[in-house]
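[1] Have a look at this prediction, sequence included:
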Amino acid sequence: MAKTLLEARRELALANRIVASEGVIDAFGHVSMRHPNDPGRYLLSRSRAPELVTPEDFIEYDLDSRPARDPGVGQYSERVIHGEIYKARPDVMAVCHHHAPAFMPLLATRSDYVPVFHLGAVGGIKPPYWDQQDEFGDTNMLVVKPEEGASLARALGEGWMVLMNRHGVTVAGTSVKDCIFRCVFSAMNAEYQVRALCIGHSVASLTPGEAQLAGQISTQTTGLARAWEYWSMRVANKAGGLKAEGGKTARTASKLTPAVKRKAAKAGTPRRR
């Protein structure tokens, strides 16, 4: 069922908070989604740490990464990453750019990512590398020019993840939830891969057949829904969790009646004397 714009904004705000909660993103990085009603636009937050993003923070951009109207707030300088990928790939519905610590040892040594456990298959086998230096020489490593974003999109090709040499990772998805699933489990796989390499043995990848079949776990089982529910509760259980419809915090804590509170108090730890 198609999402309303409000539902899309809520889902995208939660997605930003999930990748922060799961250690994929810190103060830097961003998650976007293609506009639910206009494929020629996308939604991306104002420049803000992802863990703080709310449904009201999103700006509508065209695929040239120009805001539909002056937002009057700071914007992410690397928004062309999103716009150029949406422009090149009509099948992409969400994009995440991150600098997950788990990936940094691989990116610093230009080592290939390989899936070492079943859920790591969402990152593919040896996804492409993109080195900004190849086409643009010395830069500050940020992807801020449309031609830089277009170059990155070409490197991504028909895949779902591209590694950015000494910078970070960009992940695409068929939906916001699919994109987040790929981000979290590819980062988990990268951590396992680096740990395994530290033991001193070669690391065996899933075979192409295994990777293809394991990559379907998120689409042909309840895995995606189960993971999203779990991540959502981890976000909601933090102070300042997202507000659900009706303005209530999205966490499942029942209200205690005064009688129950008195009973609980009597059963508690005795007061110190």
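    Yes, it's here.

[2] Which of the helices and strands in the protein ranks last by mean pLDDT?
    helix 258-266 (a mean of 46; mean pLDDT, DSSP states H and E).

[3] where does the stretch 1-150 of the chain dip in pLDDT?
    Scanning the stretch 1-150 of the chain for pLDDT under 70 picks out 1-2.

[4] where exactly do the helices run in it?
    5-21, 80-88, 104-109, 132-136, 146-156 (DSSP state H, counting those that start in this stretch).

[5] Which neighbouring elements make contact with the first one?
    The one in question is helix 5-21. Counting contacts by 3 or more CB pairs under 8 Å, 6 or more residues apart in numbering; DSSP states H and E, helix 5-21 packs against strand 30-34, strand 41-45, strand 58-62, strand 94-98, helix 176-199, helix 223-236. Where C-beta positions appear, they are placed from N, C-alpha and C, glycine not excepted.

[6] try 6 Å
    Applying 3 or more CB pairs under 6 Å, 6 or more residues apart in numbering; DSSP states H and E, we find helix 5-21 packed against strand 30-34, helix 176-199, helix 223-236.

[7] before we move on, what about the shortest one?
    Packed against helix 132-136 by the contact rule (3+ CB pairs under 6 Å, 6+ apart) you find no helix or strand.

[8] one more time with 10 Å
    helix 146-156 (3 or more CB pairs under 10 Å, 6 or more residues apart in numbering; DSSP states H and E).

[9] Give me the contacts around the very next helix or strand once past the helix it packs on.
    Going down the chain from helix 146-156, the next helix or strand is strand 161-164, by DSSP states H and E. For strand 161-164, contacts defined as CB atoms under 10 Å, 6 or more residues apart in numbering pick out 81, 85, 96-97, 99, 103, 106-107, 110-113, 122-124, 126-132, 141, 143, 152-156, 168-173, 182-183, 186, 190.

[10] Try it again at 7 Å.
    107, 113, 123-124, 127-130, 152, 155-156, 169-171, 182, 186 (CB atoms under 7 Å, 6 or more residues apart in numbering).

[11] Format the helices and strands packed on helix 5-21 as CSV; extra columns: mean neighbour count and distance to G209.
    Converted to CSV, the helices and strands packed on helix 5-21 look like this (neighbours: other CB atoms under 10 Å; distance: least, CB to CB, whole Å):
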stretch, mean neighbour count, distance to G209
strand 30-34, 27, 31
helix 176-199, 21, 18
helix 223-236, 16, 19
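
[12] Now the terminal residues of stretch 46-60, how far apart.
    10 Å (CA to CA, to the nearest Å).

[13] do stretch 206-224 as well
    So stretch 206-224: terminal residues 21 Å apart, CA to CA.

[14] Contacts for that stretch next, please.
    115, 118-119, 121-122, 125, 177-178, 181.

[15] And the furthest pair within these?
    Farthest pair in those (CB to CB) is I125 and K177. Separation: 22.9 Å.

[16] so of the helices of the stretch 1-150 of the chain, which one's packed in deepest?
    helix 80-88 (a mean of 25; mean count of other CB atoms under 10 Å).

[17] tell me what it is packed against?
    For helix 80-88, the elements it packs on are strand 41-45, strand 94-98, helix 146-156, judged by 3 or more CB pairs under 7 Å, 6 or more residues apart in numbering; DSSP states H and E.

[18] So F136 is in contact with E148, correct?
    Yes - F136 lies in contact with E148 (CB atoms under 7 Å); the separation is 6.2 Å.

[19] hang on, the earlier thing: quick one: closest of the helices and strands packed on helix 80-88 to E22.
    Nearest of these (CB to CB): strand 94-98, 10.4 Å.

[20] in its sheet, what does the closest one sit against?
    strand 30-34 (antiparallel), strand 168-173 (antiparallel) (DSSP bridges).

[21] can I get these in CSV with distance to V24?
    Below are these laid out as CSV (distance: least, CB to CB, whole Å):
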stretch, distance to V24
strand 30-34, 10
strand 168-173, 9
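
[22] out of those strands, which comes closest to S47?
    It's strand 30-34; of the strands paired with strand 94-98, that one is closest to S47 (CB to CB) at 8.7 Å.

[23] neighbouring contacts of the closest one?
    8, 12, 15-16, 19, 42-45, 50, 76, 82, 86, 93-97, 176.
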